[in-house]
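Novice: sequence-free structure coming up:
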């Protein structure tokens with residue numbers, strides 16, 4: 001270590017004692033900082049001074065008429081640009097603008113054509129056309145200026161688009177708002193219609209069935225009307241016949257009434273005879289019953305009931321039944337109930353006579369029966385005959401007071417009804433032509449109704465499908481949102497909605513590691529570059545060889561001894577660069593101390609690399625250090641992101657010390673992430689280790705091998 005430090009101390013003593021050397025080295029210490037400071041200051045805020053970039057604006061818009069109002073959107077653009085001072089807008093005419101653009105006096109020209117407003121207004125026509133703004137740029141003046149002017153031109157079109165969208169949306173949302181109000185007013189009716197639609201859908205099976213029934217009923221009605229039309233001639237004939245029959249019936253009833261008057265005594269006589277037959281039977285049965293009590297056998301007594309007696313009783317029963325039936329018919333035809341008792345009495349008498357005839361036949365036919373059995377039968381016959389005689393006596397007594405007047409009244413009613421029927425039939429005969437016309441019209445109506453009903457029935461499936469589609473769509477829409485939700489949406493403030501849709505998304509920028517200006521953001525790159533340039537200046541002005549070679553001095557002693565001198569000067573260079581960045585330029589650094597310390601680390605790393613290349617390879621090493629510089633400026637991502645550079649630079653990026661040096665200083669400027677800081681420091685230390693090994697192992701052999709070549713090169717007196 002002693003030879004190393006002796007070389008180092010001798011170098012320091014030489015600098016201090018030799019004023020010329022001190023001046024040169026002082027210049028070498030200060031010069032790299034100027035390189036960094038000028039570049040950082042020049043790029044301090046380039047995008048904040050774009051107002052000096054001249055861009056001409058030519059407005060040729062003639063305007064247009066929109067709903068009776070003159071619209072000139074070109075004038076509105078010019079007005080907004082006059083309030084925009086980000087770029088140096090110059091408002092002029094086309095020829096002057098294009099001439100100045102060609103001469104480089106303007107960086108770009110924005111031309112608004114004469115049909116600009118007309119094309120925007122075409123949105124309300126069936127064939128809308130997009131409006132155009134022409135942008136001319138002179139790209140040879142500067143590489144960056146076209147990007148700035150293009151941004152300004154884009155802002156013009158963006159502002160026009162935003163205002164147009166805002167205005168158009170305002171009109172649209174105003175209409176939507178009105179629709180929402182009307183929908184809200186009609187909401188009860190809409191709900192009823194919706195309910196009705198679903199109800200009709202549920203009832204469609206019944207509707208189809210009803211339609212089928214209606215079609216069938218109409219067809220049946222049509223058939224009936226047809227039959228009526230076919231039967232009308234016969235009905236007319238029957239009506240005429242009926243009228244004649246009613247007249248004859250009236251005449252018949254007249255004669256019948258006279259006949260009844262004539263036959264009344266006969267009827268009354270028949271009642272008397274029936275009473276007498278019943279009374280006679282009662283008397284005979286009573287005598288036979290008395291005789292039976294004295295006789296020893298029943299045969300002599302019961303034999304008195306001859307077949308003639310039985311026949312008389314049967315005839316009397318038939319007569320009573322016939323008379324009851326005649327009176328029933330008269331009562332039914334004439335109405336009323338005055339003959340009810342007489343009919344009931346005659347009906348009962350008929351039953352009694354038939355029962356008496358049967359008893360007489362039974363008694364006469366049982367000659368060998370015991371006296372006790374014959375006695376019971378005769379007693380029953382006697383009681384039945386007595387009761388029947390009494391009933392018939394009452395009927396005969398009421399003939400003149402009840403039966404005859406009731407029969408006469410019934411006949412009068414029948415004659416009256418017959419006359420009424422005759423009148424009705426006469427009217428019907430008179431109305432037959434009208435009836436025929438009505439039936440004919442009804443037939444035509446049924447024919448039309450059947451056709452319409454069949455057409456409706458045919459269309460019902462299609463209508464059902466349409467209704468099903470509508471109700472299904474309503475159901476789907478209600479799953480996504482109710483009608484009330486739609487109304488609330490349409491009823492929103494249309495002005496605010498227009499403003500929202502003109503610019504629906506607002507970009508809120510939040511910087512994780514904010515840097516206040518472009519100059520501070522570029523400080524890591526220019527500082528790293530200046531440190532490397534400082535190292536190149538040192539190897540260009542100072543020699544890496546030790547001329548005062550003492551006894552026992554080896555190559556690695558020379559290497560490390562002169563390296564300490566270079567490191568000392570480089571650290572002073574870097575200290576001035578970093579502190580000047582912070583104190584003179586006021587560059588921003590989140591961690592100022594780390595910024596200075598990281599810069600000193602870079603100085604050590606770069607000095608070892610540059611010094612080693614020159615110490616080992618001589619002038620060739622200087623060229624290698626310059627090539628290293630060129631590659632690192634383009635391939636370290638110091639200005640543009642490495643991802644936008646060609647593949648070659650992306651491939652060498654991980655192997656360049658600048659990549660880690662710039663990244664390390666950025667951590668100090670923007671804010672540190674421990675993982676990144678550790679990665680960068682480790683990578684830089686690896687570079688130091690590799691080059692130290694290179695210097696220690698190769699210096700002696702390379703220097704010895706190249707000695708003759710170097711001496712020969714110096715003989716030309718052009719290379720030192």
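Specialist: Perfect, thanks for sending it. Just so it is clear, the structure is predicted and the values come from calculations on it, not from any experiment.
Novice: element containing residue 106?
Specialist: Per DSSP states H and E, residue 106 falls between elements, in no helix or strand.
Novice: Return the backbone torsion pair for residue 90.
Specialist: Its backbone dihedrals place residue 90 at phi -120, psi 120, with angles given as degrees, to the nearest 10.
Novice: Enumerate every residue touching it.
Specialist: 54-57, 97, 106 (Cβ atoms under 8 Å, 6 or more residues apart in numbering). For every residue, glycine as well, the C-beta is placed using N, CA and C.
Novice: name the element residue 343 belongs to?
Specialist: Using DSSP H and E, residue 343 falls within helix 340-365.
Novice: And the next helix or strand past that helix?
Specialist: As assigned by DSSP H and E, the chain's next helix or strand after helix 340-365 is helix 371-397.
Novice: Nearest to residue 220 among the contacts of residue 90?
Specialist: Using Cβ to Cβ, residue 57 is the member of the contacts of residue 90 that lies nearest residue 220, at 87.7 Å.
Novice: before we move on, what SS does residue 44 have?
Specialist: Assigned state for residue 44: coil (three-state reduction, DSSP: H, G, I helix; E, B strand; the rest coil).
Novice: For it, which non-adjacent residue is spatially closest?
Specialist: residue 519 (3.5 Å; Cβ to Cβ, 6 or more residues apart in numbering).
Novice: and the contacts of residue 90, which of them are in strands?
Specialist: 54-57 (DSSP state E).
Novice: domain assignment for the chain?
Specialist: If you go by automatic domain parsing, the domain ranges for the chain are 2-41+518-714, 53-184, 224-432.
Novice: any idea of the mean pLDDT for the last one?
Specialist: In this model, domain 224-432 has an average pLDDT of 68.
Novice: same thing with the shortest one?
Specialist: This predicted structure assigns domain 53-184 an average pLDDT of 77.
Novice: now swap in stretch 16-27 and tell me
Specialist: Computed over stretch 16-27, the mean pLDDT rounds to 85.
Novice: can you list contacts of it?
Specialist: The contact list for stretch 16-27 (Cβ under 8 Å, 6+ apart) reads 14-15, 541-542, 569.
Novice: same check, this time on stretch 536-543
Specialist: Stretch 536-543 is touched from outside by 24-25, 28, 31-32, 565-566, 569-570, 607, 610-611, 614, 621-622, 625-626, 629, with contacts defined as Cβ under 8 Å, 6+ apart.
Novice: now, which of those lie within helices?
Specialist: 24-25, 28, 31-32, 565-566, 569-570, 607, 610-611, 614, 621-622, 625-626, 629 (DSSP state H).
Novice: Show me what counts as buried in the helix or strand encompassing the residue nearest to residue 44.
Specialist: For residue 519, the host element (DSSP H and E) is helix 518-541. For helix 518-541, the buried set under the neighbour-count rule, 16 or more other Cβ atoms under 10 Å, comprises 519-539.
Novice: and if you look at stretch 280-289?
Specialist: Going by 16+ other Cβ under 10 Å, stretch 280-289 has these buried residues: 281-282, 284-286, 288-289.
Novice: And stretch 576-587, by the same measure?
Specialist: For stretch 576-587, a neighbour-count test (16+ other Cβ under 10 Å) marks 576-578, 580-582, 585, 587 as buried.
Novice: Now do residue 392 against residue 338, distance only.
Specialist: Counting by Cβ to Cβ, to the nearest Å, the separation of residue 392 from residue 338 is 19 Å.
Novice: These two: which has the busier surroundings?
Specialist: With neighbours defined as other Cβ atoms under 10 Å, residue 392 and residue 338 compare such that residue 392 has more, 28 against 17.
Novice: Any figure for the gap between that one and residue 285?
Specialist: From residue 392 over to residue 285 the distance is 16 Å, taken as Cβ to Cβ.
Novice: from the contacts of stretch 16-27, which single one is nearest residue 101?
Specialist: residue 541 (47.8 Å).
Novice: Show me what the strand or helix carrying residue 658 is packed against.
Specialist: Of the helices and strands defined by DSSP H and E, residue 658 is found in helix 657-670. Other elements packing on helix 657-670 under the criterion 3 or more Cβ pairs under 8 Å, 6 or more residues apart in numbering; DSSP states H and E are helix 518-541, helix 592-617, helix 619-635, helix 674-705.
Novice: Quick one: mean pLDDT over it.
Specialist: Regarding helix 657-670, the rounded mean pLDDT is 94.
Novice: Ok, stretch 581-594 next?
Specialist: Mean pLDDT, computed over stretch 581-594, is 94.
Novice: that older thread, filter the contacts of stretch 536-543 down to the buried ones, PyMOL style.
Specialist: Typed into PyMOL, the line below selects the buried ones among the contacts of stretch 536-543, using 16+ other Cβ under 10 Å:
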select buried, resi 25+28+31+32+565+566+569+570+607+610+611+614+621+622+625+629
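Novice: OK, contacts around the closest residue to residue 281 other than its chain neighbours?
Specialist: Across the structure, with Cβ to Cβ, 6+ apart as the measure, the residue nearest residue 281 apart from its sequence neighbours is residue 385 (4.0 Å). The neighbourhood of residue 385, defined by Cβ under 8 Å, 6+ apart, consists of 278-279, 281-282, 285, 352, 356.
Novice: at 6 Å instead, please
Specialist: When contacts are counted by Cβ atoms under 6 Å, 6 or more residues apart in numbering, residue 385 is found next to 278, 281-282, 285, 356.
Novice: Reformat those residues as a markdown table; add secondary structure.
Specialist: Written out in a markdown table, the entries for the contacts of residue 385 read as follows (three-state DSSP):
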| residue | secondary structure |
| --- | --- |
| 278 | helix |
| 281 | helix |
| 282 | helix |
| 285 | helix |
| 356 | helix |
